[in-house]
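>>> from the sequence below, what's the structure:
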Amino acid sequence: MKIISGGVTAPKGFEAAGVEANIKYQNRKDMALIYSASPCVAAGTFTSNVVKAAPVLWDRKIVEESKSVHAVVVNSGIANAATGKEGFARCEQTAQAAAAALKIPAGSVLLGSTGVIGMQLKMDRVKAGIDLLAAAKESSEASAHDAAYANKTTDTISKEAAVEFEIGGVTVTMGGMCKGSGMIHPNMCTMLGFVTTDVLITKELLTEALKNDVQDTFNMISVDGDTSTNDTLLVLANGQAHNPIIDHKGEDYDKFCEALHYINETQARRMAGDGEGATALFTCQVVNADTKEHARTLAKSVICSSLSKAAIYGHDANWGRFVCALGYSGVIFDPEKIELSCFSKAGSILIYKDGAGTDYSEEEATKILSEPEVTVYVDMKMGTETATAWGCDLTYDYVKINADYRS
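Have a look, this model is predicted:
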């Protein structure tokens with residue numbers, strides 16, 4: 001697998017665009033398009049929140065019932081969530097407008113919305129934006145970047161990734177873009193993620209690969225513990241690489257899953273590190289747990305803890321907060337046996353062993369925890385299973401950003 005520059009237009013046959021439609025924001029791109037003239041098989045995973053946004057309901061129906069997909073239309077600023085029957089009707093109107101502009105069936109248009117909950121989309125702006133997107137779409141790297149930028153809300157960076165690999169001796173490509181900074185605690189499977197690939201693969205195996213992979217990528221991140229109404233991750237495969245079709249599990253399927261995992265994990269880490277107001281990517285790696293599920297639960301408990309996140313912000317190796325988060329996770333373990341360490345590019349340090357803190361240097365620990373990427377490493381000494389979760393520190397700016405989010 002080779003990491004390459006680019007995003008959703010890196011695979012053959014995909015075009016993208018990002019334009020200003022004044023959905024909510026002024027003087028910035030806020031609508032995006034991903035398009036393939038060739039029909040795509042599609043797979044998706046969606047929020048577990050009982051309150052599901054209209055585009056989530058629309059996409060789930062399209063992914064389950066449509067044989068092929070051609071486009072994704074995304075808007076930022078307004079989530080189209082908690083908008084009732086009228087919100088769903090506006091999804092239908094958006095798909096119909098895209099179908100007319102792109103000359104494709106309305107049932108082949110997927111949607112994504114992110115932003116303020118409870119507001120209705122202004123359809124005159126949406127339709128005008130779709131016309132602009134249809135005219136602007138290109139296969140260039142710049143157009144992929146425009147789409148990724150238009151996908152943002154409070155994100156400070158655009159999030160894109162792309163790779164090349166081989167299937168049956170044929171070079172194939174996969175690319176992706178995503179957004180997410182606040183209201184991030186995905187249980188899918190105000191994040192939106194999109195992956196494109198020119199690989200020829202069956203819908204059944206594409207779906208299985210995606211649903212398996214989110215368990216150790218997007219479902220292992222948290223910024224603030226809030227599961228959005230709009231969480232959506234879509235994968236589109238148009239088969240334009242003309243590789244031997246992946247229709248059974250084996251070496252080719254494994255290569256596809258490896259590439260998908262790289263894209264998803266890379267994007268998940270970026271999302272966690274770009275949490276609202278964050279100054280550091282906070283990772284918890286749990287090793288030697290008794291079961292995989294317990295390892296996941298323990299790792300997420302640490303990165304979700306507000307006190308642990310505050311300690312990371314203060315560059316404070318307050319191991320009591322980490323041990324406490326492990327203890328209330330629901331997993332039974334012997335606190336006298338586990339070991340905790342902290343590490344970063346500045347080094348590593350053992351801070352807890354045999355049921356008590358070690359005689360570590362606070363100065364050295366602070367130096368290690370002052371890096372932009374820090375890890376709490378937990379050895380459970382119970383088995384062989386591992387898991388990694390990603391979060392961020394909790395800062396004053398998180399409160400400031402969310403206190404005036406609607407204004």
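>>> against Leu121, how distant is Glu92?
Glu92 sits at a distance of 12 Å from Leu121 (criterion: CB to CB, to the nearest Å). Placement of C-beta: from N, CA and C, glycine included.
>>> wait, Ala16 sits on Ile34?
Yes. Contact criterion CB atoms under 8 Å: Ala16 and Ile34 qualify, at 5.2 Å.
>>> any chance you could map the strands in the stretch 101-250 of the chain?
109-116, 159-167, 170-179, 192-197, 232-237 (DSSP state E, counting those that start in this stretch).
>>> nearest to Ser341, out of those?
For Ser341, the closest of the strands of the stretch 101-250 of the chain is strand 159-167, at 29.2 Å, according to CB to CB.
>>> before we move on, back to that, distance to Ala389 and mean pLDDT added to the strands of the stretch 101-250 of the chain, as a markdown table?
Listed next are the strands of the stretch 101-250 of the chain as a markdown table, based on distance: least, CB to CB, whole Å; pLDDT from 0 to 100:
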| stretch | distance to Ala389 | mean pLDDT |
| --- | --- | --- |
| strand 109-116 | 23 | 93 |
| strand 159-167 | 18 | 97 |
| strand 170-179 | 17 | 96 |
| strand 192-197 | 17 | 96 |
| strand 232-237 | 17 | 96 |
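>>> looking at these, which is nearest to Lys52?
So among the strands of the stretch 101-250 of the chain, strand 232-237 is nearest, using CB to CB, at 9.9 Å.
>>> okay, now the sheet partners of that closest one, with direction.
Paired with strand 232-237 in the same sheet, following DSSP bridges, are strand 31-46 (antiparallel), strand 192-197 (parallel).
>>> contact partners of it?
14, 34, 36, 40-47, 55-56, 59, 63, 69, 72, 110, 112, 178, 188-189, 191-201, 206, 210, 214, 218, 260, 264 (CB atoms under 8 Å, 6 or more residues apart in numbering).
>>> I'd like the next helix or strand past that strand.
Reading on from strand 232-237 to the C-terminus, the next helix or strand found by DSSP states H and E is helix 251-273.
>>> so what secondary structure elements neighbour that following helix?
Helices and strands touching helix 251-273, by 3 or more CB pairs under 8 Å, 6 or more residues apart in numbering; DSSP states H and E, are strand 159-167, strand 170-179, strand 192-197, helix 203-213, strand 281-289, strand 385-392.
>>> touching, Ile351 and Ser361? I think so.
No. Assessed by CB under 8 Å, Ile351 is found out of contact with Ser361, at 10.2 Å.
>>> okay, these two: which has more neighbours?
The neighbour count for Ile351 versus Ser361, taken as other CB atoms under 10 Å, is higher for Ile351 (23 against 11).
>>> and Met123, what pLDDT?
pLDDT, Met123: 97.
>>> now Asn151
Asn151 is assigned 87 on the pLDDT scale.
>>> that one - nearest residue in space that isn't next to it in sequence?
In space, and not counting its chain neighbours, Asn151 is closest to Lys179: 4.4 Å by CB to CB, 6 or more residues apart in numbering.
>>> neighbours of the one you found, just the number please.
Residues near Lys179, counting by other CB under 10 Å: 28.
>>> for Asp274, see how far away it is.
According to CB to CB, Lys179 and Asp274 sit 9 Å apart.
>>> can you list residues touching both of those two?
Residues touching both Lys179 and Asp274 by CB under 8 Å, 6+ apart: 155, 159.
>>> one step back: with distance to Thr232 added, can I get the helices and strands packed on helix 251-273 in JSON lines?
Shown next, in JSON lines, are these (distance: least, CB to CB, whole Å):
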{"stretch": "strand 159-167", "distance to Thr232": "15"}
{"stretch": "strand 170-179", "distance to Thr232": "10"}
{"stretch": "strand 192-197", "distance to Thr232": "5"}
{"stretch": "helix 203-213", "distance to Thr232": "12"}
{"stretch": "strand 281-289", "distance to Thr232": "23"}
{"stretch": "strand 385-392", "distance to Thr232": "19"}
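>>> which of the ones you listed sits closest to Ala142?
Smallest distance to Ala142 across these (CB to CB): 11.6 Å, for strand 159-167.
>>> which other helices and strands does the closest one contact?
Strand 159-167 sits against strand 2-4, helix 141-150, strand 170-179, helix 251-273, with contacts defined as 3+ CB pairs under 8 Å, 6+ apart.
>>> CA-only coordinates of that strand in PDB, if you can.
Output of strand 159-167 as PDB, limited to C-alpha atoms (Å, rounded to 0.1, in the frame of the first residue of the first chain):
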ATOM      1  CA  LYS A 159      -9.300  16.100   6.600                       C
ATOM      2  CA  GLU A 160      -8.400  14.000   3.500                       C
ATOM      3  CA  ALA A 161      -6.400  10.800   2.800                       C
ATOM      4  CA  ALA A 162      -5.700   8.600  -0.200                       C
ATOM      5  CA  VAL A 163      -3.800   5.400  -0.900                       C
ATOM      6  CA  GLU A 164      -2.800   3.100  -3.900                       C
ATOM      7  CA  PHE A 165      -2.600  -0.600  -3.700                       C
ATOM      8  CA  GLU A 166      -2.900  -3.700  -6.000                       C
ATOM      9  CA  ILE A 167      -5.700  -6.100  -6.500                       C
END
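>>> more crowded one of Glu92 and Leu121?
Set Glu92 next to Leu121 and count neighbours by other CB under 10 Å: Leu121 wins out with 25 against 14.
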